[in-house]
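Peer 1: Take this sequence and fold it.
(2 chains)
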There are 2 protein chains.
Amino acid sequence: MAFGKLYLLPVPLAENTAIAVLPATHTELINHIRHYVVENEKTARKWLKEMGLKTPQSELEILVYGKHSEKQNLAPYFKAIKDGNDVALMSEAGCPGIADPGAELVAEAHRFGVEVVPLTGPSSILLSLMASGFNGQSFAFHGYLPIDKGARSKRLKELESIAERFSQSQIFIETPFRNNQLLDDILNSAHPQTQLCIACDITAESEFIQTKTLANWKKEKPDLHKRPAIFILYKKS
Amino acid sequence: MAFGKLYLLPVPLAENTAIAVLPATHTELINHIRHYVVENEKTARKWLKEMGLKTPQSELEILVYGKHSEKQNLAPYFKAIKDGNDVALMSEAGCPGIADPGAELVAEAHRFGVEVVPLTGPSSILLSLMASGFNGQSFAFHGYLPIDKGARSKRLKELESIAERFSQSQIFIETPFRNNQLLDDILNSAHPQTQLCIACDITAESEFIQTKTLANWKKEKPDLHKRPAIFILYKKS
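Peer 2: Presented below is the predicted three-dimensional model:
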């Protein structure tokens, strides 16, 4: 029997935005698929409902993949696919496989020879980069920076130097309750003429995206506490 | 008078896919906006039609931005916005500001204090990375590699070494008519156990996305001639 396909199904980044961030054909797809592998079952069920799921939720088979999937046996996640069923992989927010632990499942799909179909949806990283005005022909995403103050300051100086040497936009994130601290660390570690884009609450009503020099950010700091945010450093060589 | 907003409006990557890659609300937006700044007028008009434009095309004001916009005076592109009109920026394919020359216009918008609104749409870079199974928590996009054979081979070895040292996915592209040559150069320059994802014709009927070791790619090389493709190198440390 032919394998099913592994669809990579993005979900919204903010409440009540599904229609503005997901193509209409995704709704047809979720009403065809019965098998889901998700980062978080509760949020997955909520997003499926918001995306127009008509199938009774009790008829879905939802498996949860953990944060330490590298050490797990991944075979159970592929049983439905090997039985010929299509499966959708969903992250807790945004695009599966990007800044989330789903990539390991996708890697396994390639090893099994399963067809992987990525679907379009909102990525806070990509939307921020588009809106930053920085170089979109060369960029790097680094995830989280070190928490230790000294190591973090050193890392920020390193990223600033890479940005300048290679005209490469440097993208990173922080746990939302530590955003204000990260902003202070950036302002204290990098050069006043280095540019910073702060993109927060992307796609939500309260979306805030601005690019300024650090000197200008110092004059008026936004309150980013507990607001999901992306930070991008850039310095023209 | 309040400025208009600068919307960053993605377009499809392949013919007849608008409904599968763009949220339905983009259609409302394009029927509200009259002013466009685009990379290529002909393709912009074609995509607007495919996206459900109802406004007669003759009523649109379309300005074209060039590949050397850094040296241009950008003020004319902002006249409509300063007069209070919303403007949409469109690339020739995919997301404006990513791997296209639109970023300079977005940077100018920030300098003028214009609100920038990025909209969700298909990015071949992001879709490929999602589907590669490689690290989505750390990745870099490098655009085009050097054309000179020696310089290119050296660069490929460099990217392979960065991938291994930092577990960072290394993404790059080539002009489609040189894809087969690039694939040969990758196979000849990097280690047989290094992994390569080839993602081509993303979102089209003929979409092809596979991740294999170089040793396995050598056994069966796909023909990528004139097919838009993304290449991603990865090597676990």
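Peer 1: Pop out the phi and psi values for the closest residue to A:Tyr36 other than its chain neighbours.
Peer 2: Nearest-residue entry for A:Tyr36: A:Ile62, 4.7 Å, with adjacent residues in sequence omitted and distances by Cβ to Cβ, 6 or more residues apart in numbering or on different chains. Placement of C-beta: from N, CA and C, glycine included. A:Ile62 has phi and psi values of phi -120, psi 120 when expressed as degrees, to the nearest 10.
Peer 1: Show the pLDDT at A:Ile62.
Peer 2: Among the per-residue scores, A:Ile62 shows a pLDDT of 96.
Peer 1: Surely it is in contact with A:Thr43?
Peer 2: No: shown here, A:Ile62 and A:Thr43 do not form a contact pair, counting by Cβ atoms under 8 Å, at 11.2 Å.
Peer 1: Backbone dihedrals for A:Val64, please?
Peer 2: Dihedral angles phi and psi of A:Val64 (degrees, to the nearest 10) take the values phi -100, psi 130.
Peer 1: if I read this right, it contacts A:Asn40, doesn't it?
Peer 2: Yes: contact between A:Val64 and A:Asn40 holds when scored by Cβ under 8 Å: they sit 7.1 Å apart.
Peer 1: Now do the SS call for the residue nearest to A:Ser237 when sequence neighbours are not counted.
Peer 2: Closest residue to A:Ser237 apart from its sequence neighbours, by Cβ to Cβ, 6+ apart: A:Glu164 at 5.0 Å. Secondary structure assignment for A:Glu164 (DSSP: H, G, I helix; E, B strand; the rest coil): helix.
Peer 1: contacting residues around A:Glu164?
Peer 2: If you count contacts by Cβ atoms under 8 Å, 6 or more residues apart in numbering or on different chains, A:Glu164 has them with A:Lys235, A:Lys236, A:Ser237.
Peer 1: Most neighbours out of those, which is it?
Peer 2: When neighbours are counted as other Cβ atoms under 10 Å in any protein chain shown, the busiest of the contacts of A:Glu164 turns out to be A:Lys235, with 24 neighbours.
Peer 1: which residues sit in contact with that residue?
Peer 2: Counting by Cβ under 8 Å, 6+ apart, A:Lys235 makes contact with A:Glu160, A:Ala163, A:Glu164, A:His191, A:Gln193, A:Thr194, A:Gln195.
Peer 1: can you do 7 Å?
Peer 2: Taking Cβ atoms under 7 Å, 6 or more residues apart in numbering or on different chains as the contact definition, A:Lys235 lies against A:Glu160, A:Ala163, A:Glu164, A:Thr194, A:Gln195.
Peer 1: Give the single residue among these positioned nearest to B:Val114.
Peer 2: Using Cβ to Cβ, A:Gln195 is the member of the contacts of A:Lys235 that lies nearest B:Val114, at 16.3 Å.
Peer 1: residues touching the closest one, list them.
Peer 2: By Cβ under 7 Å, 6+ apart, the contact list for A:Gln195 reads A:Thr211, A:Lys212, A:Thr213, A:Tyr234, A:Lys235.
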